[in-house]
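Asks: Sharing a sequence plus its predicted fold:
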Amino acid sequence: MPLPIPAPVPSPAPVLPDRRLYVRERQDFAIENERLRQNQAIYWYGEYVMFILMWHIQDLEEGRITRCTECYGNGSTLNDRVTAAYNQPTQNKCPTCFGTTFEGGYKARIIRPAILTDSDKDDANQARGVTHSMSLDVETVSDFRLRSGDYMFRSNGDRFYLRTPTRTTLRTGFETPLQTTHSIHYNLARAGLEDRGTVSYLIPPSESSLAVILEEIERVPTNFTAYEEIKEALIPADDD
Ligand SMILES: [Zn+2]
(Lines give C-alpha, C1' and ligand atoms only; values in the text may rest on other atoms or scores of the structure.)
Protein backbone atom coordinates (compact mmCIF):
# COMPACT_ATOMS: atom_id res chain seq x y z
CA MET A 1 0.00 0.00 0.00
CA PRO A 2 1.56 3.39 -0.95
CA LEU A 3 2.33 5.76 1.86
CA PRO A 4 0.02 8.76 2.07
CA ILE A 5 1.43 12.02 0.75
CA PRO A 6 2.25 14.20 3.78
CA ALA A 7 0.22 17.35 4.14
CA PRO A 8 2.23 20.49 3.19
CA VAL A 9 3.78 22.27 6.16
CA PRO A 10 2.83 25.96 6.21
CA SER A 11 5.95 28.15 5.82
CA PRO A 12 6.64 30.38 8.78
CA ALA A 13 5.90 34.03 8.27
CA PRO A 14 9.08 35.91 7.18
CA VAL A 15 10.70 38.08 9.85
CA LEU A 16 10.96 41.59 8.49
CA PRO A 17 13.83 43.91 9.48
CA ASP A 18 13.11 46.09 12.46
CA ARG A 19 12.83 49.56 10.90
CA ARG A 20 13.40 51.29 14.23
CA LEU A 21 17.13 50.35 14.02
CA TYR A 22 19.77 52.04 11.89
CA VAL A 23 22.89 50.60 10.20
CA ARG A 24 25.94 52.72 10.79
CA GLU A 25 28.41 53.44 7.98
CA ARG A 26 32.17 53.10 8.35
CA GLN A 27 33.71 56.31 9.74
CA ASP A 28 36.81 56.70 7.57
CA PHE A 29 38.00 59.83 9.36
CA ALA A 30 38.12 57.94 12.68
CA ILE A 31 40.23 55.15 11.17
CA GLU A 32 42.54 57.67 9.52
CA ASN A 33 43.03 59.56 12.81
CA GLU A 34 43.70 56.42 14.78
CA ARG A 35 46.23 55.19 12.20
CA LEU A 36 48.02 58.51 12.40
CA ARG A 37 48.23 58.32 16.22
CA GLN A 38 49.47 54.71 16.15
CA ASN A 39 52.10 55.52 13.54
CA GLN A 40 53.21 58.60 15.46
CA ALA A 41 53.71 56.46 18.59
CA ILE A 42 55.97 54.16 16.57
CA TYR A 43 58.03 57.17 15.41
CA TRP A 44 58.38 58.29 19.04
CA TYR A 45 59.71 55.07 20.50
CA GLY A 46 60.69 52.85 17.59
CA GLU A 47 63.50 52.33 15.10
CA TYR A 48 63.80 51.46 11.41
CA VAL A 49 63.90 47.77 10.51
CA MET A 50 63.90 45.93 7.20
CA PHE A 51 61.18 43.36 6.54
CA ILE A 52 61.79 40.59 4.02
CA LEU A 53 58.49 39.11 2.85
CA MET A 54 59.20 35.65 1.45
CA TRP A 55 57.38 33.78 -1.31
CA HIS A 56 55.08 31.12 0.13
CA ILE A 57 53.40 27.99 -1.19
CA GLN A 58 50.16 29.89 -1.91
CA ASP A 59 52.09 32.08 -4.39
CA LEU A 60 53.20 28.94 -6.25
CA GLU A 61 49.70 27.46 -6.22
CA GLU A 62 48.28 30.69 -7.60
CA GLY A 63 50.88 30.75 -10.40
CA ARG A 64 52.84 33.85 -9.45
CA ILE A 65 56.20 32.09 -9.09
CA THR A 66 58.15 28.99 -10.09
CA ARG A 67 60.35 26.58 -8.17
CA CYS A 68 64.02 27.43 -7.73
CA THR A 69 66.14 26.31 -10.68
CA GLU A 70 69.26 26.11 -8.50
CA CYS A 71 68.12 23.62 -5.85
CA TYR A 72 64.74 22.30 -6.99
CA GLY A 73 65.40 20.66 -10.33
CA ASN A 74 63.42 19.00 -13.09
CA GLY A 75 64.16 15.37 -12.25
CA SER A 76 67.23 14.79 -14.41
CA THR A 77 69.73 14.13 -11.61
CA LEU A 78 69.76 12.00 -8.47
CA ASN A 79 69.46 15.13 -6.33
CA ASP A 80 66.37 16.15 -8.28
CA ARG A 81 64.75 12.81 -7.56
CA VAL A 82 65.53 13.22 -3.86
CA THR A 83 63.96 16.68 -4.05
CA ALA A 84 60.85 15.34 -5.75
CA ALA A 85 60.48 12.40 -3.34
CA TYR A 86 60.76 14.44 -0.19
CA ASN A 87 59.47 17.75 -1.55
CA GLN A 88 62.52 19.43 -0.10
CA PRO A 89 65.43 21.36 -1.57
CA THR A 90 68.77 19.62 -1.93
CA GLN A 91 70.59 22.54 -0.31
CA ASN A 92 69.10 24.41 2.59
CA LYS A 93 71.46 27.34 2.13
CA CYS A 94 70.56 28.00 -1.47
CA PRO A 95 71.79 31.49 -2.51
CA THR A 96 69.04 31.83 -5.16
CA CYS A 97 65.90 31.04 -3.16
CA PHE A 98 67.22 31.33 0.43
CA GLY A 99 65.79 27.97 1.45
CA THR A 100 62.24 28.67 0.26
CA THR A 101 62.55 26.53 -2.96
CA PHE A 102 60.84 29.39 -4.81
CA GLU A 103 62.79 31.29 -7.48
CA GLY A 104 64.12 34.58 -6.10
CA GLY A 105 63.20 33.73 -2.50
CA TYR A 106 61.46 36.91 -1.47
CA LYS A 107 58.59 38.96 -2.83
CA ALA A 108 59.43 42.23 -1.13
CA ARG A 109 62.11 43.98 0.84
CA ILE A 110 60.79 47.03 2.67
CA ILE A 111 61.87 49.36 5.45
CA ARG A 112 59.33 50.33 8.09
CA PRO A 113 59.42 51.85 11.58
CA ALA A 114 58.78 49.36 14.39
CA ILE A 115 58.89 49.13 18.17
CA LEU A 116 60.82 46.15 19.49
CA THR A 117 60.63 44.94 23.07
CA ASP A 118 63.86 44.47 25.04
CA SER A 119 65.44 41.08 25.30
CA ASP A 120 68.87 39.68 26.06
CA LYS A 121 70.58 36.92 24.21
CA ASP A 122 70.73 33.65 26.08
CA ASP A 123 73.12 30.78 25.35
CA ALA A 124 71.45 27.44 24.93
CA ASN A 125 73.19 24.12 24.40
CA GLN A 126 71.34 22.23 21.73
CA ALA A 127 71.94 19.29 19.45
CA ARG A 128 73.40 21.63 16.81
CA GLY A 129 75.79 23.25 19.30
CA VAL A 130 75.51 26.41 21.36
CA THR A 131 72.82 28.70 20.01
CA HIS A 132 71.95 32.22 21.08
CA SER A 133 68.24 32.15 21.66
CA MET A 134 66.31 35.35 21.92
CA SER A 135 62.77 36.27 21.05
CA LEU A 136 61.01 39.58 21.24
CA ASP A 137 57.78 41.24 20.25
CA VAL A 138 57.41 43.72 17.41
CA GLU A 139 54.80 46.32 16.71
CA THR A 140 54.73 48.04 13.35
CA VAL A 141 52.60 49.81 10.75
CA SER A 142 49.98 47.80 8.88
CA ASP A 143 50.41 48.70 5.20
CA PHE A 144 51.82 45.26 4.35
CA ARG A 145 50.95 41.64 5.06
CA LEU A 146 53.32 39.54 7.17
CA ARG A 147 53.25 35.75 7.19
CA SER A 148 55.07 33.15 9.26
CA GLY A 149 58.51 32.59 7.79
CA ASP A 150 59.14 36.23 6.84
CA TYR A 151 62.20 37.95 8.27
CA MET A 152 63.05 41.17 10.06
CA PHE A 153 66.57 42.67 9.97
CA ARG A 154 67.68 45.10 12.66
CA SER A 155 70.35 47.79 12.28
CA ASN A 156 72.66 45.98 14.75
CA GLY A 157 72.88 43.05 12.32
CA ASP A 158 70.45 40.72 14.11
CA ARG A 159 68.07 38.86 11.83
CA PHE A 160 64.77 37.49 13.12
CA TYR A 161 62.29 34.89 11.97
CA LEU A 162 58.69 36.15 12.26
CA ARG A 163 55.39 34.54 12.97
CA THR A 164 52.04 35.84 11.76
CA PRO A 165 51.15 38.88 13.86
CA THR A 166 47.84 39.99 15.25
CA ARG A 167 46.29 42.74 13.21
CA THR A 168 44.33 45.42 15.03
CA THR A 169 41.37 46.84 13.19
CA LEU A 170 39.16 49.71 14.19
CA ARG A 171 35.48 48.97 13.69
CA THR A 172 33.41 52.06 13.28
CA GLY A 173 30.53 50.75 11.20
CA PHE A 174 28.64 47.69 10.06
CA GLU A 175 30.97 45.80 7.66
CA THR A 176 33.56 42.99 7.57
CA PRO A 177 36.88 44.65 8.52
CA LEU A 178 39.63 44.44 5.86
CA GLN A 179 43.29 45.27 6.26
CA THR A 180 43.27 48.02 3.64
CA THR A 181 40.25 49.84 5.03
CA HIS A 182 40.22 49.07 8.76
CA SER A 183 43.63 48.09 10.12
CA ILE A 184 45.39 50.57 12.35
CA HIS A 185 48.52 48.66 13.28
CA TYR A 186 50.28 45.35 13.39
CA ASN A 187 50.87 44.15 16.87
CA LEU A 188 53.23 41.74 18.49
CA ALA A 189 54.70 39.69 15.73
CA ARG A 190 56.77 37.25 17.78
CA ALA A 191 60.32 37.40 16.44
CA GLY A 192 62.94 34.72 17.06
CA LEU A 193 66.64 35.50 16.57
CA GLU A 194 68.26 33.52 13.76
CA ASP A 195 71.68 32.05 14.43
CA ARG A 196 74.60 33.54 12.50
CA GLY A 197 75.42 31.40 9.52
CA THR A 198 71.83 30.40 8.80
CA VAL A 199 70.26 31.08 5.44
CA SER A 200 68.64 34.42 6.43
CA TYR A 201 72.14 35.95 6.63
CA LEU A 202 72.61 35.28 2.89
CA ILE A 203 69.78 37.64 1.95
CA PRO A 204 71.07 41.04 0.81
CA PRO A 205 71.96 43.65 1.95
CA SER A 206 75.10 42.83 3.89
CA GLU A 207 75.30 43.58 7.59
CA SER A 208 77.47 46.68 7.10
CA SER A 209 75.28 48.28 4.44
CA LEU A 210 72.14 47.49 6.43
CA ALA A 211 73.49 49.43 9.41
CA VAL A 212 74.24 52.44 7.18
CA ILE A 213 70.77 52.36 5.56
CA LEU A 214 68.74 51.95 8.76
CA GLU A 215 70.62 54.58 10.70
CA GLU A 216 69.68 57.27 8.20
CA ILE A 217 67.35 59.06 10.62
CA GLU A 218 65.88 62.47 9.83
CA ARG A 219 63.33 64.59 11.70
CA VAL A 220 60.58 63.44 9.36
CA PRO A 221 59.99 59.88 8.11
CA THR A 222 62.82 58.93 5.75
CA ASN A 223 62.08 57.99 2.14
CA PHE A 224 63.64 54.53 1.74
CA THR A 225 62.20 53.63 -1.65
CA ALA A 226 65.69 53.52 -3.22
CA TYR A 227 66.57 50.56 -0.97
CA GLU A 228 63.27 48.73 -1.29
CA GLU A 229 62.28 46.06 -3.77
CA ILE A 230 58.63 45.14 -4.26
CA LYS A 231 57.72 42.37 -6.72
CA GLU A 232 54.09 41.89 -5.69
CA ALA A 233 51.38 43.92 -3.90
CA LEU A 234 52.19 44.19 -0.19
CA ILE A 235 48.61 43.36 0.74
CA PRO A 236 47.11 40.49 -1.30
CA ALA A 237 44.30 41.40 -3.71
CA ASP A 238 41.89 39.10 -1.83
CA ASP A 239 42.40 41.22 1.27
CA ASP A 240 40.71 39.60 4.29
ZN1 LIG B 1 67.07 27.30 -4.30
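Replies: Ah, there it is. Numbering: from 1, shown residues only.

Asks: what does stretch 56-68 contact?
Replies: Outside stretch 56-68, the residues within contact range by CB atoms under 8 Å, 6 or more residues apart in numbering are 55, 89, 94, 96-97, 100-105, 107, 147, 149, 232. Backbone N, C-alpha and C define where each C-beta goes, glycine included.

Asks: Output the set of residues of this protein in proximity to the ion.
Replies: Residues of the chain lying close to the ion by CB under 5 Å from the ion are 68, 70-71, 94, 96-97.

Asks: Out of the contacts of stretch 56-68, which two sit at the greatest distance?
Replies: Within the contacts of stretch 56-68, Pro89 and Glu232 form the most distant pair, 21.5 Å apart (CB to CB).

Asks: More neighbours: which of those two?
Replies: The neighbour comparison of Pro89 against Glu232 (other CB atoms under 10 Å) goes to Pro89, with 22 against 14.

Asks: for the chain, which spans come out with low pLDDT?
Replies: Applying pLDDT under 70 to the chain picks out residues 73-91, 123-132, 187-188.

Asks: So which residue is dead centre in it?
Replies: Nearest to the mean C-alpha position of the chain, counting by CA atoms, centre = their mean, stands Leu146 at 1.0 Å.

Asks: Now do the contacts for it.
Replies: Contacts of Leu146 (CB under 8 Å, 6+ apart): 51, 53, 162, 164-165, 186, 189.

Asks: mind redoing it with 10 Å?
Replies: The contact partners of Leu146, by CB atoms under 10 Å, 6 or more residues apart in numbering, come to 51, 53, 138, 140, 152, 162-165, 167, 186, 189, 234.

Asks: Out of those, which is nearest to Thr180?
Replies: Leu234 (10.1 Å).

Asks: measure that closest one to Arg112 for me?
Replies: According to CB to CB, to the nearest Å, Leu234 stands 10 Å off from Arg112.

Asks: try Trp55
Replies: Separation of Trp55 from Arg112 (CB to CB) stands at 19 Å.

Asks: who's more crowded, those two?
Replies: Set Trp55 next to Arg112 and count neighbours by other CB under 10 Å: Trp55 wins out with 25 against 21.

Asks: What about the more buried one? Give its phi and psi, please.
Replies: Taking degrees, to the nearest 10, you get phi -70, psi 140 for the backbone angles of Trp55.

Asks: Next: Val220.
Replies: Dihedral angles phi and psi of Val220 (degrees, to the nearest 10) take the values phi -130, psi 160.

Asks: which ones are touching it?
Replies: Taking CB under 10 Å, 6+ apart, we find Val220 in contact with Tyr43.
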